[in-house]
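> coords below, sequence missing:
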């Protein structure tokens, strides 16, 4: 009887050992699979519409600051403002991940270039377009387009002076 009990204990022990080895193997495979998925998702990251809208809105607001004198390096200022306000701009999942930050920097540069070009065309059209406009009209329409929150009840005189220098 004791020999049979010993053999039964050995069989159960062997069975438990094989089950533990299989569980360890499945866990390792799952961990490898999750790591592989994480790497693939990082490589193919795309920005959402809300994130792209936030980036464009920040770029438009930055280009229309009445104290802005440098337009070509504006993307650095926009990137810093996005980093400072990553919660409201829904970019918290981007910062801290180098590959996503690189993609963000590239998108910010392209967006700032587009916003600069749009302002340039608006200035050109206000001077020699089909319907030239006065400085005050141009200031109001460009504030409606570029300034976050629009022109409000009254625009600061700094916006008009800044537009006069640009024109």
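Arrived safely. As the structure is a computational prediction, the values presented were derived from the model and not from experiment. Residues are numbered from 1 along each chain as shown.

> so residue 119, which state does it fall into?
helix (DSSP: H, G, I helix; E, B strand; the rest coil).

> excluding sequence neighbours, find me the nearest residue to it.
Leaving aside its sequence neighbours, residue 119 sits nearest to residue 63 (Cβ to Cβ, 6 or more residues apart in numbering; 5.8 Å). Quick note: C-beta positions are derived from backbone N, CA and C, even for glycine.

> flag the shaky bits of the protein, pLDDT-wise.
Across the chain, the ranges flagged by pLDDT under 70 are 25-27, 39-44.

> what is the longest helix seen in it packed up against?
Identified as the longest helix of the chain according to DSSP state H is helix 2-43. Counting contacts by 3 or more Cβ pairs under 8 Å, 6 or more residues apart in numbering; DSSP states H and E, helix 2-43 is packed against helix 98-128.

> look up how far residue 135 lies from the closest residue to residue 109 other than its chain neighbours.
Among residues not flanking residue 109 along the chain, residue 75 sits closest, at 4.8 Å (Cβ to Cβ, 6+ apart). In this view, residue 75 and residue 135 are 28 Å apart by Cβ to Cβ, to the nearest Å.

> higher neighbour count, these two?
residue 75 (22 against 13; other Cβ atoms under 10 Å).

> which secondary structure elements does the helix or strand containing the more buried one contact?
Using DSSP states H and E, residue 75 maps to helix 74-84. The helices and strands touching helix 74-84, judged by 3+ Cβ pairs under 8 Å, 6+ apart, are helix 49-63, helix 98-128.
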